[in-house]
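Trainee: have a look; sequence and predicted model below, questions after that.
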Amino acid sequence: MIKILKPQEGPQEVFMSTSADIAIYGGAAGGGKTYALLLECLRNINNSRFGAVIFRRQSIQITQEGGLWDSSFDVYGNIKGALPKTSPRRHWRFKSGARVGFAHIDGDKDLNKWQGSQIALIGYDELTHFTKHQFFYMLSRNRSSCGVRPYIRATCNPDADSWVADFITWWIDPNTGYPVPERSGVIRYMIRVNDEIIWSDSKEELVEQGNNERDIKSVTFIASTIQDNKILLQNDPAYLANLKALPLVERERLLYGNWKIKAAAGLFFKRTQIGEMLEELPKDVILWCRGWDLAATSEDEDGDPAYTAGVLIGKRKNGRYIVADVINKRLAASDVRKIIKMTTQADRAKYGRVIERLPQDPGQAGKEQAQSYTKMLSGFIVKVLPESGSKESRAEPFAAQWQAGNVDVLIAEWNEMYFNQLESFPESKFKDMVDGSSSAFNEIENGTTYSAPPKDTLSKSSYWRR
């Protein structure tokens with residue numbers, strides 16, 4: 001069976017037919033952005049001297065399950081003569097000799113690797129993950145001696161705080177944050193002078209202002225959402241439901257393509273969204289975890305004592321969650337270890353098997369701290385792990401369940417303190433209880449789970465399984 005490779009009608013087709021020097025495609029999840037980027041690279045594969053590179057911010061985003069490298073096999077895997085290579089970096093070589101490579105720019109230090117490069121087509125998968133400096137530096141590497149006019153293609157999801165939001169502001173409604181439909185795909189012209197971008201509706205206008213025509217770049221933005229990806233909706237109809245289940249901020253960004261919405265107080269958690277306030281603990285909890293957020297010092301930067309928080313969350317047989325206990329204390333550094341050990345002992349006595357999850361600071365000091373806590377809590381189920389991503393991104397999975405009314409809370413004296421911080425997140429000065437909640441919830445849903453050691457095993461070590 002012959003597989004026909006072509007863009008879907010609509011925004012994907014517009015993206016692949018634009019003549020703009022720089023085309024940015026997307027603005028929501030599920031619009032077929034990565035597929036279009038990979039497909040674009042095939043345009044010149046019969047040119048033996050043609051080379052393209054698609055960048056991600058981190059190398060793991062290329063190689064992880066279902067990542068860019070895996071996706072490339074769906075597009076290039078059935079092309080006769082196309083060979084996947086993994087050295088010196090992952091790339092495809094086609095029968096003519098043309099190449100499509102995959103690389104990462106994790107920091108400005110990685111830019112030095114590209115000095116002297118000539119790349120006819122530069123692609124960015126998730127442009128908002130790159131800095132403005134990285135983009136414009138690599139624009140200087142966007143040159144060609146293979147006969148193909150050099151150009152740039154990029155995909156992205158909305159990020160109101162990124163430089164990309166400013167770059168494409170003409171295509172976005174300033175009142176709603178949504179793309180202006182009639183402007184999608186319209187080409188404008190820009191020139192960058194002394195780090196300032198000057199825009200115009202025509203190249204001639206910029207030339208009349210005294211600019212060199214060779215320095216002018218044509219730019220467009222093509223908006224799309226999951227509704228434009230008919231193939232995805234047919235093959236994976238549940239993906240739409242997944243996007244609808246996101247917390248409000250991420251739902252606006254990834255489902256509707258909102259470029260203006262930002263995380264603000266009340267957009268993550270509201271007390272009115274609680275499932276039920278329970279007077280007694282439910283008896284059907286199948287997994288407990290207390291997530292800790294540790295005060296690194298006895299005082300914060302303003303001289304106030306810092307908080308140490310521990311939030312206990314349980315998952316029930318019916319799929320609901322219960323916030324059963326919250327500790328939030330201002331402690332001197334020497335007292336933090338004492339309260340953790342005392343609470344761990346109390347958790348076992350009252351709730352039975354409880355995972356105690358603590359954050360690990362970066363560097364060698366963090367590794368030593370992790371070893372110290374693990375040794376102190378010997379005999380208990382303890383995990384000390386580094387946190388990754390922003391506080392907001394770590395809170396999103398718990399916030400989605402909270403907003404859906406799937407989280408119950410035990411009536412206790414700490415309720416008001418807890419609700420106040422959650423409702424003011426992420427604008428509040430202190431976020432320790434939110435961090436503790438995120439850690440506990442993410443461990444329950446995504447972490448490893450404990451299983452008892454085999455009966456014939458004499459070791460008292462904990463056994464873990466995915």
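Mentor: That came through fine. Since we're looking at a predicted model, the values are computed, not measured.
Trainee: so what touches whichever helix or strand residue 436 is part of?
Mentor: Take DSSP states H and E as the rule and residue 436 turns out to sit in helix 432-446. Contacts of helix 432-446 with the rest of the structure, by Cβ atoms under 8 Å, 6 or more residues apart in numbering, involve 268-269, 287, 289-293, 295, 307-313, 315, 321, 323, 326, 328, 355, 357, 359, 383, 387, 391, 394-395, 397-398, 401, 417-418, 421-422, 425-426. Backbone N, C-alpha and C define where each C-beta goes, glycine included.
Trainee: rerun at 6 Å
Mentor: For helix 432-446, contacts defined as Cβ atoms under 6 Å, 6 or more residues apart in numbering pick out 287, 289, 291-293, 307, 309-311, 313, 315, 328, 355, 357, 394-395, 398, 418, 421, 425.
Trainee: what does stretch 191-207 give?
Mentor: 188, 189, 190, 211, 213, 215, 216.
Trainee: from start to finish, how long is it in a straight line?
Mentor: Taking Cα to Cα, to the nearest Å, the first and last residues of stretch 191-207 lie 10 Å apart.
Trainee: need the pLDDT of the closest residue to residue 164 other than its chain neighbours.
Mentor: Closest residue to residue 164 apart from its sequence neighbours, by Cβ to Cβ, 6 or more residues apart in numbering: residue 128 at 4.9 Å. Turning to residue 128, the model gives it a pLDDT of 93.
Trainee: my guess is residue 128 meets residue 155, correct?
Mentor: No: between residue 128 and residue 155 there is no contact under Cβ atoms under 6 Å: 9.6 Å.
Trainee: show me which of the two is the more surrounded one.
Mentor: Ranked by neighbour count (other Cβ atoms under 10 Å), residue 128 and residue 155 place residue 155 first, with 26 against 21.
Trainee: quote the end-to-end distance of stretch 180-198.
Mentor: Separation of the first and last residues of stretch 180-198 by Cα to Cα is 21 Å.
Trainee: tell me the buried residues in it?
Mentor: By 16 or more other Cβ atoms under 10 Å, the buried positions in stretch 180-198 come out as 183, 184, 185, 186, 187, 188, 189, 190, 191.
Trainee: quick one: that stretch to chain centroid distance?
Mentor: 27 Å (Cα atoms, centre = their mean, to the nearest Å).
Trainee: and for stretch 99-111?
Mentor: 18 Å.
Trainee: let me see the mean pLDDT of that stretch.
Mentor: 92.
Trainee: ditto for stretch 414-429
Mentor: 86.
Trainee: can I get it in PDB, CA atoms only?
Mentor: Provided in PDB are the C-alpha atoms of stretch 414-429 (Å, rounded to 0.1, in the frame of the first residue of the first chain):
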ATOM      1  CA  TRP A 414      -5.800  24.300  58.900                       C
ATOM      2  CA  ASN A 415      -8.600  24.600  56.200                       C
ATOM      3  CA  GLU A 416      -8.700  28.400  56.000                       C
ATOM      4  CA  MET A 417      -4.900  28.800  55.900                       C
ATOM      5  CA  TYR A 418      -4.800  26.200  53.100                       C
ATOM      6  CA  PHE A 419      -7.600  27.600  51.100                       C
ATOM      7  CA  ASN A 420      -6.200  31.100  51.300                       C
ATOM      8  CA  GLN A 421      -2.900  30.100  49.900                       C
ATOM      9  CA  LEU A 422      -4.300  28.000  47.100                       C
ATOM     10  CA  GLU A 423      -6.700  30.700  46.000                       C
ATOM     11  CA  SER A 424      -4.000  33.400  45.800                       C
ATOM     12  CA  PHE A 425      -1.600  31.100  43.900                       C
ATOM     13  CA  PRO A 426       0.500  31.900  41.900                       C
ATOM     14  CA  GLU A 427       0.600  35.600  43.000                       C
ATOM     15  CA  SER A 428       1.000  34.900  46.700                       C
ATOM     16  CA  LYS A 429       4.400  35.400  48.300                       C
END
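Trainee: picking that back up, out of the contacts of helix 432-446, which end up buried?
Mentor: Buried, going by 16+ other Cβ under 10 Å: 287, 289, 291-293, 307, 309-311, 313, 315, 328, 355, 357, 394-395, 398, 418, 421, 425, out of these.
Trainee: I'd say residue 326 and residue 311 touch.
Mentor: Yes: Residue 326 is within contact range of residue 311, at 5.2 Å (criterion: Cβ under 6 Å).
Trainee: can you pull the contacts of residue 406?
Mentor: Going by Cβ under 6 Å, 6+ apart, residue 406 touches 275, 320.
Trainee: give the buried residues for stretch 259-276.
Mentor: So stretch 259-276, judged by 16+ other Cβ under 10 Å, has buried residues 259, 260, 261, 263, 267, 268, 269, 271, 273, 274, 275.
Trainee: ok, which stretches of the stretch 251-400 of the chain are helices?
Mentor: 333-351, 363-376, 391-403 (DSSP state H, counting those that start in this stretch).
Trainee: now do the SS call for residue 28.
Mentor: coil (DSSP: H, G, I helix; E, B strand; the rest coil).
Trainee: try the one 3 residues further on
Mentor: Taken by three-state DSSP, the conformation at residue 31 corresponds to coil.
Trainee: give me the neighbour count for the closest residue to it other than its chain neighbours.
Mentor: Distance criterion Cβ to Cβ, 6+ apart; nearest residue to residue 31, sequence neighbours excluded, is residue 224 at 3.5 Å. Using other Cβ under 10 Å, residue 224 has 27 other residues around it.
Trainee: ok, now residue 102?
Mentor: Using other Cβ under 10 Å, residue 102 has 24 neighbouring residues.
Trainee: host element of it?
Mentor: Assigned by DSSP H and E, residue 102 falls within strand 99-104.
Trainee: and the next helix or strand after that strand with strand 99-104, angle?
Mentor: Going down the chain from strand 99-104, the next helix or strand is strand 121-125, by DSSP H and E. Angle, strand 121-125 to strand 99-104, by axes from the mean of the first three to the mean of the last three Cα atoms, to 10 degrees: 40 degrees.
Trainee: what's strand 121-125 in contact with?
Mentor: 34, 37, 52, 54-56, 68, 138, 142, 152-155.
Trainee: can you tell me the strand partners of it and which way each runs?
Mentor: strand 51-56 (parallel), strand 151-156 (parallel) (DSSP bridges).
Trainee: where in the chain is pLDDT low?
Mentor: Scanning the chain for pLDDT under 70 picks out the ranges 1-2, 263-265, 296-306, 448-466.
Trainee: can you list the domains in it?
Mentor: Using automatic domain parsing, the domain parsing of the chain gives 11-242, 271-465.
Trainee: relative to residue 253, which of those domains is closest?
Mentor: Proximity to residue 253 (Cβ to Cβ) singles out domain 11-242 among the domains of the chain, at 4.4 Å.
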